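Colleague: Okay, sequence plus prediction incoming.
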Amino acid sequence: MTAEKMALAKAINESLRTALDADPKVLIMGEDVGKLGGVFRVTDGLQKDFGEDRVIDTPLAESGIVGTAIGLALRGYRPVVEIQFDGFVFPAYDQIVTQLAKMHARALGKIKLPVVIRIPYGGGIGAVEHHSESPEALFAHVAGLKVVSPSNASDAYWMMQQAIQSDDPVIFFEPKRRYWDKSEVNREAIPGPLHKARVVREGSDLTLAAYGPMVKVCQEVAAAAQEEGKSLEVVDLRSMSPIDFDSVQASVEKTRRLVVVHEAPVFLGTGAEIAARITERCFYHLEAPVLRVGGYHAPYPPARLEEEYLPGLDRVLDTVDRSLAY
Amino acid sequence: MTAEKMALAKAINESLRTALDADPKVLIMGEDVGKLGGVFRVTDGLQKDFGEDRVIDTPLAESGIVGTAIGLALRGYRPVVEIQFDGFVFPAYDQIVTQLAKMHARALGKIKLPVVIRIPYGGGIGAVEHHSESPEALFAHVAGLKVVSPSNASDAYWMMQQAIQSDDPVIFFEPKRRYWDKSEVNREAIPGPLHKARVVREGSDLTLAAYGPMVKVCQEVAAAAQEEGKSLEVVDLRSMSPIDFDSVQASVEKTRRLVVVHEAPVFLGTGAEIAARITERCFYHLEAPVLRVGGYHAPYPPARLEEEYLPGLDRVLDTVDRSLAY
Amino acid sequence: MTVESTAARKPRRSAGTKRTAAKKPPGAQPDLVQLLTPEGKRVKNGEYDTYVADITPEELRGLYRDMVLTRRFDAEATSLQRQGELGLWASLLGQEAAQIGSGRATREDDYVFPTYREHGVAWCRGVDPTNLLGMFRGVNNGGWDPNSNNFHLYTIVIGSQTLHATGYAMGVAKDGADSAVIAYFGDGASSQGDVAESFTFSAVYNAPVVFFCQNNQWAISEPTERQTRVPLYQRAQGYGFPGVRVDGNDVLACLAVTKWALERARRGEGPTLVEAYTYRMGAHTTSDDPTKYRADEEREAWEAKDPIQRLRTYLETSNHADEGFFAELEAESEALGKRVREVVRAMPDPDHFAIFENVYADGHALVDEERAQFAAYQASFADEGEGK
Amino acid sequence: MTVESTAARKPRRSAGTKRTAAKKPPGAQPDLVQLLTPEGKRVKNGEYDTYVADITPEELRGLYRDMVLTRRFDAEATSLQRQGELGLWASLLGQEAAQIGSGRATREDDYVFPTYREHGVAWCRGVDPTNLLGMFRGVNNGGWDPNSNNFHLYTIVIGSQTLHATGYAMGVAKDGADSAVIAYFGDGASSQGDVAESFTFSAVYNAPVVFFCQNNQWAISEPTERQTRVPLYQRAQGYGFPGVRVDGNDVLACLAVTKWALERARRGEGPTLVEAYTYRMGAHTTSDDPTKYRADEEREAWEAKDPIQRLRTYLETSNHADEGFFAELEAESEALGKRVREVVRAMPDPDHFAIFENVYADGHALVDEERAQFAAYQASFADEGEGK
Ligand SMILES: Cc1ncc(C[n+]2csc(CCOP(=O)(O)OP(=O)(O)O)c2C)c(N)n1
Ligand SMILES: Cc1ncc(C[n+]2csc(CCOP(=O)(O)OP(=O)(O)O)c2C)c(N)n1
Ligand SMILES: [Mg+2]
Ligand SMILES: [Mg+2]
């Protein structure tokens, strides 16, 4: 068995299955992850095959889910926790930032917290309130957490393997509107490091940096720009903590222009940090300020407005043009 | 009675007293705010004078405190909530970001949420874990909240008045290590707008932007730099949401250099947003990249290390030199 | 990967995540308040009977009408979702008695804090049902003025509203008013820390609030045993206030018990927990597929306890309603369905600038700036004609 | 400022934030498990007696010694704080019996999740008491390896550890081990949502965990009536497991009740809540001034119930200990105090680079970068000699 085409959700499912198979300490926990297989069916079939002891339907209480996952990790387990939607992670925020993130340091390294928190995130699926948010900056700002997001099935498979193997807590943001997008997964390929960015399209005029659901948009932007004779490089950041600034810097030193794209609000989003740091690193290389495209400083709007709210082809192209105009 | 010298904590106490006096709908809520007057004595004497009905000792549950404050606001009250220390706000984070911040928009403006959340924040007082954090970016990123922090007694008095009068939720960060610093408070002066920055020292070579506890440090830095013949302008931002970029821009257009200082970790701290946006606004004016001085990407360290962790005179001066060296 | 190898010891018990034998609700539940049997027979229940003692035939017909119209509205919404007019719908099918009984127990000056499923309560409060559809259609996140009917917005984040209700009730008490507050939540919600904190606050401050838990046996795919191993109404005791379980498919009992609890609140006796024992007859929402996790037989067993049928039987056997009434109601029901369809289909998409509206009450510089940028961006398409 | 003017209605009750008449613990509490009276008399208590039936005089002296040394250690820490050697200290004065009784009930393979005040439990677990002082001195945030003594780090954020304990206990059950877990928390903590969620999880998964609540009557300045209007041990019922109140100043009763509860856990009978009814004799911490909020008489009344004195009386009247024992213990106590003083004064400040250590187990590029910058910055002072 070499490469196989599969949907991103299915790739995570396969990755979880592989992990459950390989290590009896791996557990799946969350609301409705059992018989239902999760509201997105990401854990479909896992309880059937691994039992209620390893694929655990929990009470409806996110703080409790993360708090008990911490306790299980202290006992030597490796819990993979599902938060049903982005907007429902906040009841667990205290356990995540004051306990999960800090306990390893608090114990001077004596204990480890190998907990993965899976969060389907982002918009574009026409959902009701709280089901379309992109809160990654709220986790990336917090030391002790690692924050990643795959953009395609292959990364989803491998990054989940790596996240589960990591001895640090990993917040694993899953681009829910890409769950059904299919791409090749090679289960024998040896993956690169979890926190390394990847140039997914080479170009020379401007760098687009994105992660998760926005990588696809940026690839479409690059294709459209190509037709207008502009050569855009697209970097899939893959990790928001740490951010692979070296890769972005290398790209920007070549293209001299950078636009960062994410669904999360621009104000204090990850793009702010990238802009600040790349400007510092590439001050004499930049022909234009780093520009950002993202959500507005407003609650995620009702579904009928999300197309206006989310960065799409046109809005990114417009920003690319603004950058090139410098 | 005109100007009067008082400690920052006392100025807040007086401001709360004024508000309780002026409007029967104003309430004080929190742990130990009653007889004890709060662990910092900021609410000292208020329960005695206004009664248990208006100065309310609550059960030990921050989500409950904020959640019931929301309910009281819906009933027409104007609760001023105390969170005992920065590190204890997270159990209330869900109520703050998913309810308090969004309810006005959710109701299409039909209801208002005039809730003030007071949070003594920052380090430098030799405290144990969770008592020295600076989580302001985690609130400023969230639309629907306003986030402010006074640096001196006069601002503390007036900004609290304005926060209570605001019909929006305000997260009021109190620089706990400045609680005992005294300065003039003029209770008859008409204050400027709540969200406007203030140039607290004029200069021509470089702009230092800070808020809360770091303003004093920046003023000391400017004084020290003066002796070395460098003229630094110091801007007290006062508000982290919204940030008064116009004032910062005006200063930077003059000085052409900017260093942002805060205690919070640099990575995705408010300095990131300021750097990104000022670089965009002042791209052709800047002689150096915007530099930042702040906490490290690590849990706030034990007290005996906080001097190394916190931005102090030397570290800011060092960064000023780095900027001037461009 | 560092994994502790655990010394293999002989397991002495089932390994912890098996469902513990929860006290299954017995066939005849001694602790279930019932005034109408599933067969439509009126039974006595001393304590609570007084609260419906003077109920008139007209009021009984009113309750029936409420339930029928609510169910009709709900069915219409489900079918509008199937037709693509709504993005999602959370059906109340099966919970009409719990909602109409408790909703009709409230007084105009009382205040209601719903979840996302309280369409029947909204009906009782006089909220135009079509207003409920905006958020499910995706045109807003809450389409009514909470203060017009003292009916708060739907709350999606599980359990949060119980604290809002408690705070509101604390305010009512401060005002010296004798209104009461009622907070709805589900069996799943009972596990949330916020709900526990609302119990603590309401007890400590003796707040005039009724916690109305519709135990519909399921939280999406999880049965109530995943949330508790004893009946939920018992939760209240440990916080120092009474809890009672009522037959949630018996509209009369729900009315009586809720009235009793609201009266306690008005009298200054503080909070009460009411557990309405009912059943979610449909899917969790239109996105859900219950065949994945529950057996048809369970649903069928509950069909025999249908809340509407049992009141109909009672109305008929007691001669409180005639054929004309039922026929008229059928017509009214059709008319409601038609109106709902029409209103929804005509519901306009929101203006794009609505994104920036009401983020703040007093304005915010960044929102202004982004609105202006957005306007300029939108205008750039106008320049290009129909846009790219 | 828009403030609704509330129609002035006649208040019908106290306005909600007055303390409701909490059931005051009666002089003779029928529900309080006691084996040693405040006067040092051994009384029978059928159910629990069996757990201390075979206790030897040596063990009794051991309990006494534990309490005396713990109190001595605690006093030393308080005075070290006064001398500026510690930044803060949270004294356990008055709670020795609750901690030693419960701590001695644990087995080596059990696991303990403390708050920040469990110095006596730490003692029982064999943690070197000087290790407890690091965080209060400000040289670390937790100075021991939790797995060396199955004693977790102190947890400052109120209530969080109850969930860790529950999760750990779920793991114990999964492993098929017959160990048990004990989570400590205070009366104030009982209000936190996390504690309620730990009750829910432990009940649903039948986890082998004992919740040990030291009700010391105060949460900083707030009396227990601000947290509950009924006795705290009753909280458990509503979650489906037993709760019991024990005289927290009676070391024998604490030992017996905790053993009983731990045995239940081992047998697979799930969680238990133990409320140890005791008193915080000192200030909340060295930063606190209790004269602001509580009357001296209260403290004085509790002094008559001193946990150490009552065991001493019993040891003396039952001839289980002689003068020699007490004299020797006095000397041991002095030696402990001396050692603690010496160790603390010699405790080195952490290396500056400790800021960057152990943030991650597997490393993090940003931490590496910042560490390097910090090193360069530090080095720049070395260049300048003694720095600026
Ligand atoms: C905090 C939070 N977590 C998860 C969800 C997702 N979710 C929506 S409804 C639901 C089940 C609710 O069950 P219950 O409280 O019994 O109410 P019911 O839907 O049965 O009326 C879940 C898990 C949510 N809305 N909020
Ligand atoms: C979440 C949180 N909120 C507030 C605090 C501040 N605080 C520290 S101890 C304490 C009182 C705790 O009372 P209790 O649980 O009874 O324990 P005790 O101190 O009496 O042992 C408070 C409010 C905290 N540590 N954590
Ligand atoms: Mg339910
Ligand atoms: Mg206490």
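Modeller: Happy to help now that I have it. Ligands and ions are numbered 1, 2, ... in the order given.

Colleague: give me every residue that touches the residue lying closest to residue A:100 once chain neighbours are set aside.
Modeller: Nearest residue to residue A:100 in three dimensions, chain neighbours excluded: residue A:169, at 4.8 Å (CB to CB, 6 or more residues apart in numbering or on different chains). In short, each C-beta sits where N, CA and C put it, glycine included. Residues counted as contacts of residue A:169 (CB atoms under 8 Å, 6 or more residues apart in numbering or on different chains) are A:96, A:100-101, A:113-117, A:144-146.

Colleague: Can you give me the neighbour number for residue 106?
Modeller: Using chain A here. Close neighbours of residue A:106, defined as other CB atoms under 10 Å in any protein chain shown, add up to 27.

Colleague: please go with chain C instead
Modeller: For residue C:106, the tally of surrounding residues (other CB under 10 Å) stands at 23.

Colleague: Wait, it touches residue C:181, no?
Modeller: No - using CB atoms under 8 Å, residue C:106 and residue C:181 do not qualify as a contacting pair, with a distance of 9.3 Å.

Colleague: any common contacting residues for those two?
Modeller: With the criterion set as CB under 8 Å, 6+ apart, the overlap between the contacts of residue C:106 and residue C:181 is residue C:112.

Colleague: Tell me the neighbouring strands of the longest strand along chain A, and mark each as parallel or antiparallel.
Modeller: When every strand of chain A is counted residue by residue (DSSP state E), the longest turns out to be strand A:258-265. Based on DSSP bridges, the strands next to strand A:258-265 in the sheet, each with its direction, are strand A:206-210 (parallel), strand A:291-295 (parallel).

Colleague: Name the nearest residue to residue C:326, ignoring sequence neighbours.
Modeller: residue C:312 (7.8 Å).

Colleague: Please report how far the residue of the stretch 1-150 of chain A at minimum distance from ligand 3 lies from residue B:72.
Modeller: Here the residue of the stretch 1-150 of chain A nearest ligand 3 is residue A:60; by CB to the ion that distance is 8.9 Å. Noted for residue A:60: a distance of 26 Å to residue B:72, by CB to CB, to the nearest Å.

Colleague: Residue C:357 now?
Modeller: In this structure, residue C:357 and residue B:72 are 26 Å apart, going by CB to CB.

Colleague: And residue A:161, by the same measure?
Modeller: Summarising the geometry, the distance separating residue A:161 from residue B:72, computed by CB to CB, is 49 Å.

Colleague: One more: residue A:304?
Modeller: As for residue A:304, its distance to residue B:72 is 33 Å (criterion: CB to CB).

Colleague: Show the contacting residues for residue 187.
Modeller: Picked chain A for this. Neighbour list for residue A:187: A:1, A:4, A:14, A:18, A:157 [criterion: CB under 8 Å, 6+ apart].

Colleague: wait, chain C
Modeller: Taking CB under 8 Å, 6+ apart as the criterion, residue C:187 is in contact with C:213-219, C:224, C:227-228, C:232.

Colleague: tell me the domain ranges of chain A?
Modeller: A:7-185, A:198-324 (automatic domain parsing).

Colleague: How far does the shortest one stretch from one end to the other?
Modeller: What it means is domain A:198-324. From its first residue to its last, domain A:198-324 covers 23 Å (CA to CA, to the nearest Å).

Colleague: Surely residue A:113 is in contact with residue A:104?
Modeller: Yes - counting by CB under 8 Å, a contact exists between residue A:113 and residue A:104, whose distance comes to 5.6 Å.

Colleague: what's the overlap in contacts for the two?
Modeller: Contact criterion CB under 8 Å, 6+ apart; residues bridging residue A:113 and residue A:104 by contacting each: A:168, D:361.
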